[in-house]
Structures are given as C-alpha cells and as structure tokens.
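Chemist: how does the following fold in three dimensions:
(chains A and B)
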Amino acid sequence: MNLLVKIAIVLLTGIIGGKVAKRLQLPNVTGYLAGGLLIGPSFIHVISDIDITSFTIINEVALAAIAFSIGSEFHLRTLAKVGKKIVVLTLYQAFATMAIVFATCFFVLGQSFQFSILICTIAAATAPAATTMVIKQYKAKGPLTQTILPIVAIDDAVCVMAFGIAMAVSKIMMGVSDLSLFQMMTHPVVEIIGSLGAGALIGVCLSFLIRNTRINDEILIIVLSIVIVSAGVAKMFHLSPILLSMMVGATITNIMPHYKKAFKSLSNFTPPVYLFFFTLAGASLHIDALASLGLLGAGYVIARAVGKIAGSAVGAKVTGYSQTIVKYLGLTLLPQAGVAIGLAMTVRKQLPEIADTLIPVVLGGVFVYEVFGPVLAKIALHRAGEIDIKRTAK
Amino acid sequence: MNYPLYIGIILIIGLIGGKLASRVKLPSVTGYILIGLVLGPSVTNIITKELIQSVQFINQLALGILAISIGMELHRYVFRKFGRTLLIVALGEGFLTFAIVSTLIYLLGMPIAVSLVLGVLSMTVSPSTVMSILKEYKTKGKFSKNLAALVAIENLNCIVVFAVVTAILLAFKNAHITGVAVAILIIKEIGLAVAIGAISGLILATVIKKRPSNNKFLVLLLGVILVNTGIAQILGLAALLLNMTTGAVITNLINRKQIMKAALNMVELPIFVAFLTLAGAKLDLSILLSIGLIEIAYIIGRLSGKIGGTYIFSKLTDLPNLTRKNIGLALTPQAGVVIGLSVIAEQKFPEMTGVVTGIVLTGVIFFEVVGPLLLKRALINTNEIS
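Modeler: Numbering: from 1, shown residues only, chains lettered A, B, ... in the order given. This next block holds a predicted model:
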C-alpha cells in the first residue's frame, strides 16, 4: 500500500485511540499505543515491521523533541537547590532496581551471572516520553511532577553507565574481548560526556540563532531544525539522543533570557509528531513477546516494578522528600521503551549467545510496561493531587 | 543514511537563504530556492539526488496543504458577488496565456506535448506568494479581495485543463485509444478526484462543527491531506484537484475558515521551507543553460498573456479602468503549485527528461523575484497600500 496512506492510517488510528482512551479515562498515550498495537503486526497488520523501520526518522525526531522539552526543567538556580537530592534519589531507585532484578534472576531463577548483570542494568532504564506526555496532557503541576522529569533524564545517564560496565564485565568473563576493563569502561564515560558536550555546543548555537528573532514562525523553524540536527548528530557519533537533546534544552534554558519562547513555538508543531510516534511505538510492540515470557519474564517484570517503587520510596525518604513523593514516585517511573530495546539490541550485536534469552524478556517487559506504565503514572499523579481532573476534563 | 542530520541542515540553510534574500529586498521564497540550487546536485551536491528522492513526502505534504488553502478561497459568496466578472477575467486570461505560451514554445521547435504542458503550467498563479504579500502589507479593499478569489479560480481552471491536456496527450501516446475513451478518461479523472475530495471535505467539516482542539484538528487535517494524496497516487489522479475540492467543500459548509488556517499555520512554514529548498536543489543547471531561448519565450508569453489577457477580457465586465490595468500585474507570481504540477507532468511523461521542470523552475525564480514587485506596484497603483 501507498506510504502516504499508511502515514495517514497511523495518524487517524492515533486520533481514534486517543478519543477512546479519553472516554475510558485513560491517558491519551495509552490510546495511541493501543491503537498502534491493533493496526500493527500483532493484529490487523496494516503496518508491518518494514514500514516501521521506514519511519525511523519520525521516531528519532520525536524522541529528540521530547528530550529537548525535558531540558527546560533544568534551571541551574533551582537545580543548585535540589540537584544533589535528585541525583541521590535517582541513584537509589536505579541501584535498587538493579539489585532486585539481579537477585531475582541470579539467585531465584538460576540464570547466568552475565545474563543477570546485563538484564538488571537494562531494567533500570525508564522511558521519558510516555511519562512526559501524561504530564503534559493533564497539565500536572506540583512537587512530584517537578521531581519526575529530572530523574528520568539523569536515569538515562546512570543506565548508560551501568550497562557499559556490565557489558565490559560480561565480555571479560566470557573471554570475548582483549581490551582491559579500564579501556572498556571509558566507552560509556565518553558517550555520556560526548552527549552532554555536543548538546551544550548545539544549545549555544541555538541560543545565538534565536536571540534576535521575534517572529514566531522563524523561531519554530530554527528550533525544529536544531532538534532534528541533534537527533542526527547523536546518531552519527553513537551518542545518547536523550542526553544530547536534553542538554540542548537545558543549555538554552540557562543562557537565554527568553528561553520559554523556544519551547513554546516547538510545542505547536509537535502534537502530530508525538501522536505518530506513540501510535507507531504501539505498532512495533509484538504481542507474541508476551507468550514467550514465561517464568523468567514474569519474575523480571515483577522484580523491576518492586525495585523502582521500593527504591524510589527509600531514596525519597532518605533525601527528605515529602510523603507524596515517597509514595508515588516509583509508579511514574515504570514506562519503558526505546532505550531498553536499544540496549538489548547492543547485547545481540556483542554477545549473541546471551541475547537469545535476554531479548524476549526485555521485549516482553517493554510490552507490559509501555501498556500499563502510562496508566499507572496517571493514577500516581492523580493520587498525589497534581492533576486537576475538572480543569483538564475538556 | 543519517536523515535527521540532512533534513535539519536543509531547514537551517534554507532559512539562511530566506534571510539573505529578504536583506536584499527579495521575497524569502526566492532565497530558499536559490540556496537549494547551490546545495543541489548541479552545484555542490550536498543535497544529493537520492536524498531528494527519499524525502518526497515533504513535497506531497506541502502541496496538499497549499491545495487545501487555495480551495478554501472558493467560497460561494465570492462567486455570487463577483462570479460573472471573475470567471470571465480568469478563464479568458487563462486560455489566452495558455495559447500564447504554447504557440511560442512550439514555434521554437519543442515537441507539441512539451509546448502544451508548459502552456498549461504558465496559467498558475502562486497563492502563497500573493496571500503572504497581501498579509504583509495589510491591504484592504476591493482589489485585494477580488485578487484572492481570482487566484483560486485561475488555479482551479489550470488544474482542470491540466487533467484534460495530460489525458489527451497520454491517449495520443497509446495510439489505439479512441476519442470516446479519452473523454471517459478525462471525466473519470476529474470526476473521481472531485468526488473523493468532496467526501474528505464532508468528513472534515463534520469534525470542525464539533469544535475540536487545534492540536487534534491539525492531526486530522494532516491525515486527510495524506489520505487524499495517497489515494490520488494510487489511482493516478491529480492530488491538487482532490485537495482543492476538500478545501472548497469545507469552506462552503462551515463558516470557520480560521480554525483551518490556525491549524495549518502551526506547521506550514517549516514544511514550505524544506519543500522550496528541495525544489531549488532539483534544478539542473546544465539543462537550464541549454534552454535559454525557450525560457525567454515562456516568460514573455506568460507576462503578455497575464497582463494583456486580463486587460482585454475585463473590458467585457464592469471593472473600473484602474483595476483593469493592474490586475494582470498582480497575477504574475508563480511558485509551489506550478512546481507540483510540473513534477506530476514529468512523472506522467518521463520522456520530457526534466525540460519542463527546468523551464518551470527557472520561470519560478524569475516570477518569484519579479512577480512580488509587480504585485506590490499594482497594489500601490490601486491605492490599496500607501
């Protein structure tokens, strides 16, 4: 079928999915994902896996745009106040998740050590996109909302780092690498520093470009092209698109007096892109991934949830956050998507013998968390009193 | 290939071109096209042929948006109030321009098919340029109001003639098709396009009545444009006609053009910048150099057709003398629509090997530089801007 028609089908399915979701009082994102799942290979199969790869560019741009908008949360002045707390909290929930998933896989389910350390670092990954969308849709406001966004971002860096180390350790244990541990560990460090550096640089260029622009349309084009370029640069140098684009956003937030105009103009353009992104993400979920999950998968899914929720609670308590955050933060950190899949694919490339068991588990987990994660995030935000249902009802 | 990087760069560079152009008092459109030319295969080859090919969908989206906006100018109020006058001027001038350009180019030794197609293409007027200039100078008055409707009618006329001419030419190519078959083909092409476009329009109009939020409506609108274009591609119809019909149906069914305009405004500019920069990149300089004389004939033919045609045919109407003299000047800008049609023509007649696109695009450069200046002059002459 014609590619344009397919794009249109994805868009229209997204709209309908969003409508249905709203009627059921679920977040729009869930509607898009469910709609996508329906037209994807799992059910009707209007959109095939090949189609999905041909739309990669839209995914890349959407992810970069989402990360960019998260960057606006990183205001140095507020960060100086809460920064340390947030970093500690992020580390708590990440390491708790890793520890619990590792223990479950290694001790309870009897998996190999390499498998267990790799999958536990993948488990730490969260998807910023879905949660961000839920926050945007319901115009959530409050301490919990303010805490989530920076955590999701820092979490990405932690995850990249931990995964890099786990990979190095596994490779050495399996004797497939002749590099030393130190040499391999520089890889993730380079990736993180490179992403942040490149992001800062692009951010400076952006602020320079739009400093004197007053016409809204022009700001939109400049911001949009910079976001697209960020996605491209990340791809080209194998950097983290999330960290890089987020850094672009964070940079202009801190060096430009009127940085809000940049985020505002972009937010006019992005709704169709996001809708497309999530519907497509739904289409790329395979329901058969669930069937092959088995005991291992169930253990993984439960262990990750326990780790995220308990880790966030303990971390928040230790750092002195309010009771609401202790209770609900973990629930909002459950969604998982692209980053986890990307890491699993890296395992396939570098350690194929582990990938055979690891990939189905990760994909099954992504399925579960991507479908239920946004719903749980909404419930958490609502219970925390940060969503005004009446105000956002329309 | 690393598409995001390329597309981002195309956007930024296109924008820089637009900025440079406006610094020397040229329309930004000209800047996008020229800088695209510099980046394209015929000069620096930063934008390669494969890249242009693979981002085709930007073109289709841009043309779809354009066509819907044109269609929305075709409100029945316009016809009722100025109908006879505008139709006489638009049709008379259109066909005259068609005749002059085709004849001139044919006399210079080009094949008849190329001459006819160029004749049709010379009829189009750029709605985006005209509208943006009217907006820029905040014109108010009868002249500018008529102008918007006139542009819409001219383009509609051109698209219909385009469908007829290409159908006839295609029929001649396969010699064993009869006259009746050609007629059926034409009716089928136009009828189907209008029918499908009307259905899409009906759907959109129903949705607008429910007062959706801008975001949601935008997504729906883009979806419908893509469906229209996709169906047109599958069935080999003119996507422009389809989308125009959709626009016309909407504007006649509901009185909320602003919603559509506001929704489109959110995404228009980046899409158009990419579209026009890519259009510039498609220009092949070597072809341009070899068609110098024909190009001149095309430009002179179109100018005399537009200015002379409107002057002559408006004699049959009650338009005031001042308007009659200036209306042709205002109809000279030419941009997106004609590029879109030339691309369709090349797809239907691969044997034209870029000659049509080359002439049209060079013409666009000329008319996009000179046209806005002429339009501005016309507006000054008719006292609609100070």
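
Chemist: wait, does the one helix or strand residue B:345 maps to contact chain A?
Modeler: In the assignment (DSSP states H and E), residue B:345 maps to helix B:336-348. No - residues of helix B:336-348 are not located near chain A by C-beta under 8 Å from any C-beta of the partner chain, the shortest gap being 14.2 Å. Quick note: C-beta positions are derived from backbone N, CA and C, even for glycine.

Chemist: for whichever helix or strand comes after that helix, buried residues please.
Modeler: Going down the chain from helix B:336-348, the next helix or strand is helix B:355-381, by DSSP H and E. For helix B:355-381, the neighbour count (16 or more other C-beta atoms under 10 Å in any protein chain shown) marks B:355-376, B:378-379, B:381 as buried.

Chemist: so residue 160 is in which element?
Modeler: Picking chain A for this. Using DSSP H and E, the element containing residue A:160 is helix A:143-174.

Chemist: meant chain B, my bad for not saying
Modeler: Per DSSP H and E: helix B:142-173 holds residue B:160.

Chemist: tell me which parts of the stretch 101-250 of chain B are close to chain A?
Modeler: For the stretch 101-250 of chain B, the residues in contact with chain A (C-beta under 8 Å from any C-beta) are B:215-216, B:218-220, B:222-224, B:226-227, B:229-231, B:233-234.

Chemist: hmm, back to that, for whichever helix or strand comes after the helix holding residue B:160, name the packing helices and strands.
Modeler: Later in the chain than helix B:142-173, the nearest helix or strand by DSSP H and E is helix B:179-209. When contacts are defined as 3 or more C-beta pairs under 8 Å, 6 or more residues apart in numbering or on different chains; DSSP states H and E, helix B:179-209 packs onto helix B:142-173, helix B:214-235, helix B:239-253.

Chemist: out of these, which is the most enclosed?
Modeler: The highest mean neighbour count among those, using mean count of other C-beta atoms under 10 Å in any protein chain shown, belongs to helix B:239-253: a mean of 26.

Chemist: quick one, it and helix B:179-209 angle?
Modeler: 50 degrees (axes from the mean of the first three to the mean of the last three C-alpha atoms, to 10 degrees).

Chemist: what's helix B:239-253 packed up against?
Modeler: helix B:56-71, helix B:142-173, helix B:179-209, helix B:214-235, helix B:257-282, helix B:336-348.

Chemist: repeat that for 10 Å
Modeler: Judged by 3 or more C-beta pairs under 10 Å, 6 or more residues apart in numbering or on different chains; DSSP states H and E, helix B:239-253 is in contact with helix B:56-71, helix B:76-107, helix B:142-173, helix B:179-209, helix B:214-235, helix B:257-282, helix B:336-348.

Chemist: and the ones you listed, which one averages the lowest pLDDT?
Modeler: Lowest mean pLDDT within the helices and strands packed on helix B:239-253: helix B:336-348, a mean of 74.

Chemist: low pLDDT regions in the stretch 51-200 of chain A?
Modeler: Residue ranges of the stretch 51-200 of chain A with pLDDT under 70: A:176-179, A:181.

Chemist: same question for the stretch 251-394 of chain A.
Modeler: A:292, A:389-394.

Chemist: residue B:349 against residue B:173, yeah?
Modeler: Yes - with contact defined as C-beta atoms under 10 Å, residue B:349 reaches residue B:173; the gap is 8.0 Å.

Chemist: just the closest residue of chain A to chain B, please.
Modeler: Per C-beta to the nearest C-beta, residue A:232 is where chain A lies closest to chain B, at 2.6 Å.

Chemist: shouldn't that residue be in contact with residue B:12?
Modeler: No - counting by C-beta under 10 Å, residue A:232 stays clear of residue B:12, with 11.4 Å between them.

Chemist: quick revisit: overlap in contacts of residue B:349 and residue B:173?
Modeler: residue B:113 (C-beta atoms under 10 Å, 6 or more residues apart in numbering or on different chains).

Chemist: quick one, what contacts the residue nearest the centre of chain A?
Modeler: With distances taken as C-alpha atoms, centre = their mean, residue A:127 lies nearest the centre of chain A, 2.0 Å away. Residue A:127 makes contact with A:63, A:66, A:152, A:155-156, A:242, A:281, A:333-341, A:366, A:369-370, A:373-374, according to C-beta under 10 Å, 6+ apart.

Chemist: let's see which of those end up in helices.
Modeler: A:63, A:66, A:152, A:155-156, A:242, A:281, A:338-341, A:366, A:369-370, A:373-374 (DSSP state H).

Chemist: where along the stretch 51-200 of chain A do the strands fall?
Modeler: In the stretch 51-200 of chain A, no strands are defined using DSSP state E, counting those that start in this stretch.

Chemist: related to what we said a few turns ago, out of the residues of the stretch 101-250 of chain B next to chain A, who's nearest residue A:388?
Modeler: Closest approach to residue A:388 among these (C-beta to C-beta): residue B:215, at 19.3 Å.

Chemist: wait, doesn't the closest one sit right on residue A:273?
Modeler: No - using C-beta under 10 Å, residue B:215 is not in contact with residue A:273, being 11.1 Å away.

Chemist: show me what counts as buried in stretch B:269-286.
Modeler: Along stretch B:269-286, these residues count as buried under the neighbour rule (16+ other C-beta under 10 Å): B:269-284.

Chemist: just the residues you listed that are near chain A?
Modeler: B:269, B:270, B:271, B:272, B:273, B:274 (C-beta under 10 Å from any C-beta of the partner chain).

Chemist: got the contact list for the last one?
Modeler: By C-beta under 10 Å, 6+ apart, the contact list for residue B:274 reads A:221, A:224-225, B:7, B:10-11, B:14-15, B:32, B:36, B:55, B:58-59, B:61-62.

Chemist: which among those residues end up buried?
Modeler: A:221, A:224-225, B:7, B:10-11, B:14-15, B:32, B:36, B:55, B:58-59, B:61-62.

Chemist: list just the nearest of those to residue A:113.
Modeler: Out of the buried ones among the contacts of residue B:274, the member with the shortest distance to residue A:113 (by C-beta to C-beta) is residue B:7, at 44.1 Å.

Chemist: quick one: classify the spatially closest residue to the closest one that is not a sequence neighbour as helix, strand or coil.
Modeler: Spatial nearest neighbour of residue B:7, chain neighbours left out: residue A:228 (5.4 Å); criterion: C-beta to C-beta, 6 or more residues apart in numbering or on different chains. Here residue A:228 is recorded as helix under DSSP: H, G, I helix; E, B strand; the rest coil.

Chemist: got the confidence number for residue A:228?
Modeler: For residue A:228, the model assigns a pLDDT of 91.

Chemist: ok, now how distant is the one residue sitting closest to the centre of chain B from residue B:35?
Modeler: With distances taken as C-alpha atoms, centre = their mean, residue B:337 lies nearest the centre of chain B, 1.7 Å away. Using C-beta to C-beta, to the nearest Å, residue B:337 is found at 21 Å from residue B:35.
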